[in-house]
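Novice: just to be clear, the model below is a prediction. Sequence and coordinates:
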Amino acid sequence: MHGRCQAAGAMAAYYPSDYERTEAWLDDHSDFAHSYFVRKATREMVNAWFAERVHTVPTANETVRDLSPAHQMAQAESATPGTPTRKISASEFDRPLRPILVKDSVRGLTFVFDPDKKEQMPFKFPKAACEAIPVNDQCSRLLELVKDISSHLDVTALCHKIFLHINEVIAADRYSLFLVHEDSSNEKFLVSQLFDVAEGSTPEETSNNCIRLEWNKGIVGYVAATGEPLNIGDAYKDPRFNAEVDQITGYKTQSILSMPIKNHKEEVVGVAQAINKKCGTNGVFTKKDEKDFAAYLTFCGIVLHKAKVYETSLLENRRNQVLLDLASLIFEEQHSLEVIVKKIAATILSFMQAQSCTIFIVDNNSSDSFCSVFHMNSAELEDLAEFQRRKSPRGTHERKQ
């Protein structure tokens, strides 16, 4: 045991000087250091390099500054007199970067970040939905709704809250939201995003029941296909009404107000539906209800558009990451076609979330045949990821210890 300690001490005494000589040699041969880094650096090394310099990398419109004492003195002499200079303490470089997106009190994504802000109280309603609401109260709640829409990204939670606001105005018993989807053959259909929203319901409760409706069939399908609203006083007298949902749920539908939700291109992206008017007019929705419903559904259109833009940005970010991965593979020094093709297949599997990937290499001497075929499945991808993790500098260091 004593001999091992002496050996460890000898190695510890040896390595620092060896490291110093290597570092000094790299300093004297910067061209070689640059070439080696470009050819051999892993993504983890590049990320670590960026992390160390996140506060000091110059912007696009700045040039690299000369930090020599003579240059700094010349800059100080040529500086404009009276210009205040802000000194930066070393502790400022240790401050963590603020995240772009954070979780809010209802576990939704938001751009707003205020650690001192108190959580908002749950949305409260009048005891009776048909009670007249003061104008000032309506304005304050409308402003609150606009603020939520501008800072949150959760489609289900936001549309649920919009329906609860609508309920104060038109007073229906139930509300539902259906979104337009397309299958692989570009055939459109509708899927419920929210179903049976009512006073006291939660976004989780109303989004659990997923119902698929055919395009141009039933009340919702007709509104989606034509882009025209429907105000029906007695649902069972309308031939377009499908009573199957009532039979399944045991609910009795009487009056229906169904309206399309359109994007900025006037394309139908969803359909909102209010069921069973609760107050006055013999349970039938009025023209005023139609106007109020349409006005609030504009907010739903904004929410859906924001969600689409955010989803597109995430997909584009992922695509760019894949392109960077493929570019790094191309510029790495390769000695085997099989190795680089396997890496490309692994990148494709990771991005596409597929079970297997096959790459065929065309035979240059024959246009109707292949000279090589490479296949990889998801199990091999996991093994490759584990191998690369162990092969990384950090993994090697851990094994040595």
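Specialist: The structure has been received and is ready for your questions. Residues are numbered from 1 along each chain as shown.
Novice: remind me what the longest helix that the chain contains packs against, helices and strands.
Specialist: Taking DSSP state H as the criterion, the chain has its longest helix at helix 287-331. The helices and strands touching helix 287-331, judged by 3 or more C-beta pairs under 8 Å, 6 or more residues apart in numbering; DSSP states H and E, are helix 135-151, helix 155-170, strand 256-262, strand 268-277, helix 337-352. No exception for glycine: its C-beta is placed from N, CA and C like everyone else's.
Novice: export these as a markdown table, with columns for mean neighbour count, mean pLDDT and distance to Leu329.
Specialist: Shown next, in a markdown table, are those (neighbours: other C-beta atoms under 10 Å; pLDDT from 0 to 100; distance: least, C-beta to C-beta, whole Å):
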| stretch | mean neighbour count | mean pLDDT | distance to Leu329 |
| --- | --- | --- | --- |
| helix 135-151 | 13 | 70 | 40 |
| helix 155-170 | 22 | 84 | 37 |
| strand 256-262 | 23 | 94 | 44 |
| strand 268-277 | 23 | 93 | 39 |
| helix 337-352 | 16 | 80 | 5 |
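Novice: turn these into a markdown table, including distance to Ala224.
Specialist: Shown next, in a markdown table, are the helices and strands packed on helix 287-331 (distance: least, C-beta to C-beta, whole Å):
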| stretch | distance to Ala224 |
| --- | --- |
| helix 135-151 | 23 |
| helix 155-170 | 16 |
| strand 256-262 | 6 |
| strand 268-277 | 5 |
| helix 337-352 | 30 |
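Novice: name the SS class of Leu213, please.
Specialist: Look at Leu213: counting by DSSP: H, G, I helix; E, B strand; the rest coil, its state is strand.
Novice: so what's the residue count around the nearest residue to it once chain neighbours are set aside?
Specialist: Leaving aside its sequence neighbours, Leu213 sits nearest to Leu190 (C-beta to C-beta, 6 or more residues apart in numbering; 4.4 Å). If you count neighbours by other C-beta atoms under 10 Å, Leu190 ends up with 25.
Novice: state the distance from Leu190 to Asp18.
Specialist: For Leu190, the distance to Asp18 equals 69 Å [C-beta to C-beta, to the nearest Å].
Novice: how about Thr156?
Specialist: 60 Å.
Novice: Provide a list of residues in contact with the closest residue to Ile256 other than its chain neighbours.
Specialist: Once flanking residues are discounted, Ile256 sits nearest to Ile232: 4.5 Å by C-beta to C-beta, 6+ apart. By C-beta atoms under 8 Å, 6 or more residues apart in numbering, the contact list for Ile232 reads 219, 238, 241, 255-258.
Novice: redo those residues as TSV? Include distance to Glu144.
Specialist: Formatted as TSV, those follow (distance: C-beta to C-beta, whole Å):
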residue	distance to Glu144
Ile219	32
Asp238	37
Phe241	36
Ser255	29
Ile256	29
Leu257	24
Ser258	27
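Novice: which of the residues you listed sits closest to Val38?
Specialist: Val38 lies nearest to Ser258 out of the contacts of Ile232, by C-beta to C-beta, at 60.8 Å.
Novice: how many residues are close by Phe299?
Specialist: Neighbours around Phe299, by other C-beta under 10 Å: 21.
Novice: right, and it touches Leu145 too?
Specialist: Yes - taking contacts as C-beta atoms under 8 Å, Phe299 lies within contact range of Leu145: 6.7 Å.
Novice: give the residues shared as contacts by these two.
Specialist: Here Phe299 and Leu145 share the contacting residues Ile162, scored by C-beta under 8 Å, 6+ apart.
Novice: can you tell me how far Pro239 is from Gly227?
Specialist: 20 Å.
Novice: wait, Ile261
Specialist: Distance, Ile261 to Gly227, by C-beta to C-beta: 10 Å.
Novice: buried stuff in stretch 291-305?
Specialist: Buried residues in stretch 291-305, counted by 16 or more other C-beta atoms under 10 Å: 292-293, 296-297, 299-304.
Novice: what do you get for stretch 231-240?
Specialist: Within stretch 231-240, the residues that count as buried by 16+ other C-beta under 10 Å are 231-232, 235, 240.
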